[in-house]
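Engineer: A structural model of the following input is requested.
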Amino acid sequence: MSDTYPAVTREMSDRRRDLAPRAHEAFEEFSRAVFADGALAETTKQLIAVAVAHVTQCPYCIKGHTRLAQKKGATPEEVMEAIWVAAEMRAGGAYAHSALALHEMHQEPAHEEGT
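Structural biologist: Take a look at the predicted model:
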């Protein structure tokens, strides 16, 4: 991928597992349970993961979940719509949090000692 984000290799995956085997297996089991068909179909869960991966900006997650979403039957249009939902939510979060800045700007300035 790049120097910042190296490609994941079999050796890297094996080393991660070997350094913490119990945690690794627990995470793998958790992931299988989360993405299994349930009240939401696995395809829908993968589309959610694509959107979340774009918000968290994890390149590994973006690539992996996009691949899995397509493997589970998601269309390119569905993947792109999920990405647009993520973009709107990220922008919406910034817009909504402007309330914090607006509130602070409305407050009386704090007086420092000696002024």
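
Engineer: next helix or strand past the helix or strand harbouring V52?
Structural biologist: Assessed by DSSP states H and E, V52 sits inside helix 42-56. Next along the chain after helix 42-56, taking DSSP H and E as the criterion, comes helix 59-71.

Engineer: helix 42-56 and that next one, what's the angle between them?
Structural biologist: Angle, helix 59-71 to helix 42-56, by axes from the mean of the first three to the mean of the last three C-alpha atoms, to 10 degrees: 160 degrees.

Engineer: show me the contact partners of helix 59-71.
Structural biologist: Identification of contacts with helix 59-71 by C-beta atoms under 8 Å, 6 or more residues apart in numbering yields 1, 5, 8, 35, 43, 46-47, 49-50, 52-54, 76, 78-79, 82. To be clear about C-beta, it is placed using only N, CA and C from the backbone, and glycine gets the same treatment.

Engineer: before we move on, back to that, what pLDDT, on average, does the helix holding V52 get?
Structural biologist: Helix 42-56 carries an average pLDDT of 98.

Engineer: which of the contacts of helix 59-71 lies closest to E28?
Structural biologist: F35 (11.1 Å; C-beta to C-beta).

Engineer: isn't the closest one up against E42?
Structural biologist: Yes - taking contacts as C-beta atoms under 8 Å, F35 lies within contact range of E42: 5.8 Å.

Engineer: out of the contacts of helix 59-71, flag the one nearest to L19.
Structural biologist: V8 (14.9 Å).

Engineer: could you tell me how far that closest one is located from L68?
Structural biologist: Using C-beta to C-beta, to the nearest Å, V8 is found at 15 Å from L68.

Engineer: quick check on R17: phi, psi?
Structural biologist: Backbone torsions for R17, taken as degrees, to the nearest 10, come to phi -70, psi -40.

Engineer: residue contacts, it?
Structural biologist: By C-beta under 8 Å, 6+ apart, the contact list for R17 reads 24-25.

Engineer: ok, and the closest non-adjacent residue to the residue positioned nearest the centre of the chain?
Structural biologist: By C-alpha atoms, centre = their mean, the chain has its centre lying nearest to A53, at 3.0 Å. Leaving out its chain neighbours, the residue that sits closest to A53 by C-beta to C-beta, 6 or more residues apart in numbering is C61, at 3.6 Å.
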